[in-house]
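[1] Sequence first, predicted coordinates after that:
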Amino acid sequence: MYPSSVSAGSLRILFALLLSLSVCSELKVLVRLNDGQITAETLESDSERDIISVEFRHTDGTLITFLADFKRHVKILRALVLGEPERGQTQYQGLCFISRLEHGEIIPSEAMVRLRQKNPHVIRTAEEKRGLERMSMNMAVNLTLSWHLSSHIRSVCRDAQDFIYTREQDVKYWLQRGVESSIFKVFPQNVENVALPSCSTTTDPWQPCSCSYTLRLEWYPCMLKYCRGHGPSPYKCGIKSCSKAYRFDFYTSRKQLCMWDEES
Ligand SMILES: *[C@@H]1O[C@H](CO)[C@@H](O)[C@H](O)[C@H]1NC(C)=O
C-alpha cells in the first residue's frame, strides 16, 4: 500500500532517527494557500506537555493558530483578523473557537517532534483536502477559569477576550470527564437564536446577528505513513498531509463585530 522506499516522491518529510530524547521541536514549512500565495507555516510540538501548534498568516494579514492539547482532548482554533481603523473598526479582532480534539485528527506529538524535512525550500500543498466542517458555537468560555479545561487557552485566546466560543456537545463530553462547569455559559442568554438574522444580510451595524467565520488549516500532518524495510514490521517513515476547512457560526451583539461577514 505504501511505497517501500523513503526516496519516493511523496515522502519529502521524514522522521529523524534521533538517539537523543527530544521533547520539543519547531518545523517551518512553505505552504501554498488557497489563493495561490505562499506562506511560511510554523509547526511546534512538545511531547512532554503533549501539544502541537500550527501557525501561519493569510494573504489578507489574518493570523491563524491551531493548538491541539492531547492531554485534555481540546483543540483551539484562533484567528486574529485585521480591522480597518479608517472604517471605525478595531486594529484587529481575535476569535477563539474551542472544540473537542478527536482521536486521530492530527499525528501524535511524540511523532511530530521527530519530524524533519529534507528540503525546506519545497512549497507544499496538502495531499488530502478534507471537506468543510460546520460548527455551531453556542456557548462562551470564561478566560479566567479556562485553565480548568486546558492551560493553553489563556495564552492562545488572550486577544479574543469576549469571543471565546465552544459547542454544547463538546461541553457535555468535557463535563463527563470532570471539567468544572462554571467556565461555560450558554451564549447568548435569553435570545431566540432561531430568530436571529445572519450578519451578512443585516445592514444596521448595531443589530445583534449570527456571524459566521470560515478558515482553512492549509497544511498539517494528519496521518503517519509506514514503510516496509528488511525487518519484520513496518516502520514510520513519513506523514500524510491534510488541509481542512471549518465554518463557525456564533452570536454577536452587533453586526459591527462581524466585519468580515459582508454580503458579496
Ligand atoms: C469569569 O469568572 C470570573 C471568576 O469567577 C468572574 O469574576 C468573571 O466575572 C467571569 N467573567 C465573565 C465574563 O463571566
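    Happy to help now that I have it.

[2] Now for residue 174: which residues touch it?
    Contact analysis of residue 174 by Cβ atoms under 8 Å, 6 or more residues apart in numbering lists 73-74, 100, 149. In short, each C-beta sits where N, CA and C put it, glycine included.

[3] what's the answer for residue 182, then?
    Listed by Cβ under 8 Å, 6+ apart, the contact set of residue 182 reads 142, 145.

[4] quick one: it from residue 28, how far?
    For residue 182, the distance to residue 28 equals 40 Å [Cβ to Cβ, to the nearest Å].

[5] Let me know the helix or strand that residue 245 is in.
    Assessed by DSSP states H and E, residue 245 sits inside strand 235-252.

[6] who does that strand touch, helix- and strand-wise?
    Contact here means 3 or more Cβ pairs under 8 Å, 6 or more residues apart in numbering; DSSP states H and E; on that basis strand 235-252 packs against strand 13-15, strand 92-100, strand 128-136, strand 209-227.

[7] Pick the most deeply packed of those.
    strand 92-100 (a mean of 22; mean count of other Cβ atoms under 10 Å).

[8] ok, for residue 166, nearest residue in space, not its chain neighbours?
    residue 98 (4.5 Å; Cβ to Cβ, 6 or more residues apart in numbering).

[9] Please read the previous query as pertaining to residue 210.
    Distances taken as Cβ to Cβ, 6+ apart place residue 196 nearest to residue 210, at 4.6 Å, with adjacent residues excluded.

[10] Could you do residue 128 as well?
    Per Cβ to Cβ, 6+ apart, closest to residue 128 is residue 242, 4.7 Å.

[11] from memory the one you found sits against residue 127, does it?
    Yes: Residue 242 is within contact range of residue 127, at 7.1 Å (criterion: Cβ atoms under 8 Å).

[12] In terms of neighbours, single out the busier of these two.
    Neighbours per residue (other Cβ atoms under 10 Å) separate residue 242 from residue 127, with residue 242 holding more: 19 against 15.

[13] what sits against that one?
    126-130, 219-223.

[14] and residue 76, what element?
    strand 74-82.

[15] who does that strand touch, helix- and strand-wise?
    strand 63-69, strand 92-100, helix 153-156, strand 209-227.

[16] Quick check: can you name the pairing partners of it and their directions?
    Strand 74-82 sits in its sheet next to strand 63-69 (antiparallel), strand 92-100 (antiparallel), going by DSSP bridges.

[17] Could you point out which of these sits nearest residue 237?
    For the strands paired with strand 74-82, the distance to residue 237 is smallest for strand 63-69, at 22.4 Å, taking Cβ to Cβ.

[18] got the angle for the closest one vs strand 235-252?
    Interaxial angle, strand 63-69 versus strand 235-252 (axes from the mean of the first three to the mean of the last three Cα atoms, to 10 degrees): 120 degrees.

[19] Report the residue spans of the stretch 51-200 of the chain with pLDDT below the cut-off.
    Under the criterion pLDDT under 70, the flagged ranges of the stretch 51-200 of the chain are 189-194.

[20] before we move on, the earlier item: could you check how far the strand holding residue 76 is from the centre of its chain?
    For strand 74-82, the gap between its own C-alpha mean and the chain's C-alpha mean amounts to 6 Å (Cα atoms, centre = their mean, to the nearest Å).

[21] so can I have TSV of the helices and strands packed on strand 74-82 showing distance to residue 138?
    Shown next, in TSV, are the helices and strands packed on strand 74-82 (distance: least, Cβ to Cβ, whole Å):
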stretch	distance to residue 138
strand 63-69	21
strand 92-100	12
helix 153-156	18
strand 209-227	10
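
[22] Of all these, which one is nearest the ligand?
    The closest of the helices and strands packed on strand 74-82 to the ligand is helix 153-156. By Cβ to the nearest ligand atom, the value is 12.0 Å.
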